[in-house]
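Chemist: Next comes the sequence, and after it the predicted model I'd like to discuss.
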Amino acid sequence: MGYLEAGALAHTLADGRELFRDVSFRLPGGETVALIGDNGAGKTTLLRILSGALPAGQGTVRSQGAVAVMPQFIGSLRDGRTVRDLLLSVAPPRQRAAAAAVDAAELALMDHDDEPAQLRYAEALTAWGEAGGYEAEVLWDTVTVAALGLPFSTAQFRDVSTLSGGEQKRLVLEALLRGTADLLLLDEPDNYLDVPGKRWLEEQLRRTRKGVLLVTHDREVLSRTATQVVTLEGGSAWTHGGGFATWHAAREARWERIAELRRRWSEKHEQLEDLVRTLRRQASISDEMASRYHAAQTRLARFEAEGPRRPRPARSASPPPCAAAAPRSGPSPAGTSNSPASCAPSTWRSSSATASASWARTARARATSCACWTRAAPTPRPPSATPAPAAWAHAYGRACSPRPTGTPNGRAAPPPTSSAAATATGRAST
């Protein structure tokens, strides 16, 4: 299976306006990824960049496997093209070039039926065969029968303008879904399709083993076909790893995280501005404060240039329940406990080595917030059926160690050294 990766893509319009920036996502083989966003957000432009029809102003596009594209205008063609021309427009570039050479050689042969023209025609036919042209004609025969009810030999020179919008869409979709391309970029493929046509499209997208990047505004098509959702909004993109049914909740949670990050950034920004104002007043009185004032100005300018942080993508694995954030002192939050009982082996949830490594990192990062007062407590071990790495067990043990007693601040008193113990014994005997 192929794949397609977009890395930090950005595009600026001709008038200087930035359409989007920092667009990154992955289209794996066998998945149907929906690309959604408001009108004018840049969905079609992004598809053109991914297909190579438009250069990327910034970022990279990596792909493995053949990529085929269905443009948005399919369904409204009235430019005199034939059915054969339409099928060639979505064929691989090598086949398009070979077909153009055959057409040119045929026209030349009609004007001058001499030996050089015949040789050029024979060479063009050979190149057409090497490019898989004859296999493509067999495929097109199946496509035209399925979409139009006619064999390719009969329908190939039919004017596309005589086809309805739905017939044009169905013809191209049949060719792409039955073709050899590993990745499909479909720009509003459900337009012009009637209800049975949309149901057919949904069934084909569920059954295909190709990677499909789908642009559509139909909620039913999205909910029935998409396995991931890439959203273009706010001048950038974010990816929801589930279907469209859970996209709304994920979007609300993301905006809540953005609002929280913005609030924290505003608080920090206000603190830095207060610091600059204070140092400005002090620098006007004492020259010794001038350097600190300039340093505070530089720090504020850097902070404003970086802007608020963006929300991090959600983790695929959750940390152990006892590694959740908890206060260093006082009662435990509801539903949690700082005692070893809450860290019993029954609470371990290890489904894979990836989850184990993720939990280990989380436990190490949160160890200071889970009553990590000592290493004296024994480290709980996971079930034998799902052994964890040593680093995971060590971090988990630190995160779940009970709070010892014996000193006013809760820290365990260190054991006396041998010389100190002997002195204490001599004093007691005296």
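Modeler: That came in fine, so what should we check first?

Chemist: just for this structure, where's the confidence low?
Modeler: Flagging of the chain using pLDDT under 70 yields the residue ranges 311-430.

Chemist: where do the helices sit along it?
Modeler: Remark: helices assigned in the chain by DSSP state H are 43-51, 83-89, 93-111, 115-130, 133-148, 152-155, 165-178, 195-207, 219-225, 247-285, 290-306, 353-365, 390-399, 418-429.

Chemist: The ones you listed into a markdown table, with extra columns for distance to Gly234?
Modeler: (Each C-beta comes from the backbone N, C-alpha and C, glycine too.) Compiled in a markdown table, these are given as follows (distance: least, CB to CB, whole Å):
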| stretch | distance to Gly234 |
| --- | --- |
| helix 43-51 | 14 |
| helix 83-89 | 34 |
| helix 93-111 | 35 |
| helix 115-130 | 48 |
| helix 133-148 | 39 |
| helix 152-155 | 46 |
| helix 165-178 | 31 |
| helix 195-207 | 28 |
| helix 219-225 | 20 |
| helix 247-285 | 9 |
| helix 290-306 | 17 |
| helix 353-365 | 28 |
| helix 390-399 | 36 |
| helix 418-429 | 64 |
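
Chemist: Ile74 is nearest to which of these?
Modeler: helix 165-178 (5.2 Å; CB to CB).

Chemist: ok so, going back, any chance of the helices of the chain in JSON lines with distance to Thr12 and mean neighbour count as columns?
Modeler: Shown next, in JSON lines, are the helices of the chain (distance: least, CB to CB, whole Å; neighbours: other CB atoms under 10 Å):
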{"stretch": "helix 43-51", "distance to Thr12": "11", "mean neighbour count": "21"}
{"stretch": "helix 83-89", "distance to Thr12": "28", "mean neighbour count": "21"}
{"stretch": "helix 93-111", "distance to Thr12": "27", "mean neighbour count": "15"}
{"stretch": "helix 115-130", "distance to Thr12": "40", "mean neighbour count": "14"}
{"stretch": "helix 133-148", "distance to Thr12": "38", "mean neighbour count": "18"}
{"stretch": "helix 152-155", "distance to Thr12": "43", "mean neighbour count": "17"}
{"stretch": "helix 165-178", "distance to Thr12": "31", "mean neighbour count": "22"}
{"stretch": "helix 195-207", "distance to Thr12": "33", "mean neighbour count": "15"}
{"stretch": "helix 219-225", "distance to Thr12": "29", "mean neighbour count": "18"}
{"stretch": "helix 247-285", "distance to Thr12": "24", "mean neighbour count": "13"}
{"stretch": "helix 290-306", "distance to Thr12": "19", "mean neighbour count": "13"}
{"stretch": "helix 353-365", "distance to Thr12": "37", "mean neighbour count": "18"}
{"stretch": "helix 390-399", "distance to Thr12": "45", "mean neighbour count": "21"}
{"stretch": "helix 418-429", "distance to Thr12": "72", "mean neighbour count": "9"}
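
Chemist: and Thr32, how many neighbours?
Modeler: Residues lying near Thr32 (other CB atoms under 10 Å) number 24.

Chemist: Tell me who's in contact with the residue nearest to it when sequence neighbours are not counted.
Modeler: The shortest distance from Thr32 to any non-neighbouring residue, by CB to CB, 6 or more residues apart in numbering, is to Val212 (4.5 Å). Contacts for Val212 (CB atoms under 8 Å, 6 or more residues apart in numbering) come out as Leu27, Glu31, Thr32, Val33, Leu183, Leu184, Leu186, Leu205.

Chemist: Export these to CSV and append columns for distance to Ala290.
Modeler: What follows is the contacts of Val212, written out as CSV (distance: CB to CB, whole Å):
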residue, distance to Ala290
Leu27, 55
Glu31, 59
Thr32, 61
Val33, 55
Leu183, 60
Leu184, 63
Leu186, 62
Leu205, 66
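
Chemist: who wins for neighbours among those?
Modeler: Leu186 leads these on contacts (other CB under 10 Å) with 27 neighbours.

Chemist: ok, back up a step: so of the contacts of Val212, which ones are in strands?
Modeler: Members of the contacts of Val212 lying in strands (criterion: DSSP state E): Leu27, Thr32, Val33, Leu183, Leu184, Leu186.

Chemist: sorry, back to before: ok, the contacts of Val212 vs Asp274, which is closest?
Modeler: Val33 (46.1 Å).

Chemist: Quick check: that closest one touching Phe25?
Modeler: Yes. The pair Val33 / Phe25 is scored as a contact, 7.4 Å apart, by CB atoms under 8 Å.

Chemist: Return every residue with contacts to both of these two.
Modeler: With CB under 8 Å, 6+ apart as the test, Val33 and Phe25 both reach Val230.

Chemist: any idea what sits nearest Leu13, other than its immediate chain neighbours?
Modeler: Leu19 (5.6 Å).

Chemist: Pull the contacting residues for the one you found.
Modeler: Taking CB under 8 Å, 6+ apart, one finds His11, Thr12, Leu13, Ala41, Gly42, Thr45, Gly235 in contact with Leu19.

Chemist: Excluding chain neighbours, what is closest to the last one?
Modeler: It stands for Gly235. The shortest distance from Gly235 to any non-neighbouring residue, by CB to CB, 6+ apart, is to Phe20 (5.5 Å).

Chemist: how near is Phe152 to Arg178?
Modeler: To Arg178, Phe152 is 13 Å away according to CB to CB, to the nearest Å.

Chemist: Quick check: nearest residue in space to Pro308, chain neighbours excluded?
Modeler: Using CB to CB, 6+ apart and skipping the chain neighbours, the partner closest in space to Pro308 is Trp265 (4.0 Å).

Chemist: Surely the one you found is in contact with Glu304?
Modeler: No. Between Trp265 and Glu304 there is no contact under CB under 8 Å: 9.7 Å.

Chemist: His112: how many residues sit nearby?
Modeler: That count, for His112 with other CB under 10 Å as the rule, works out to 10.
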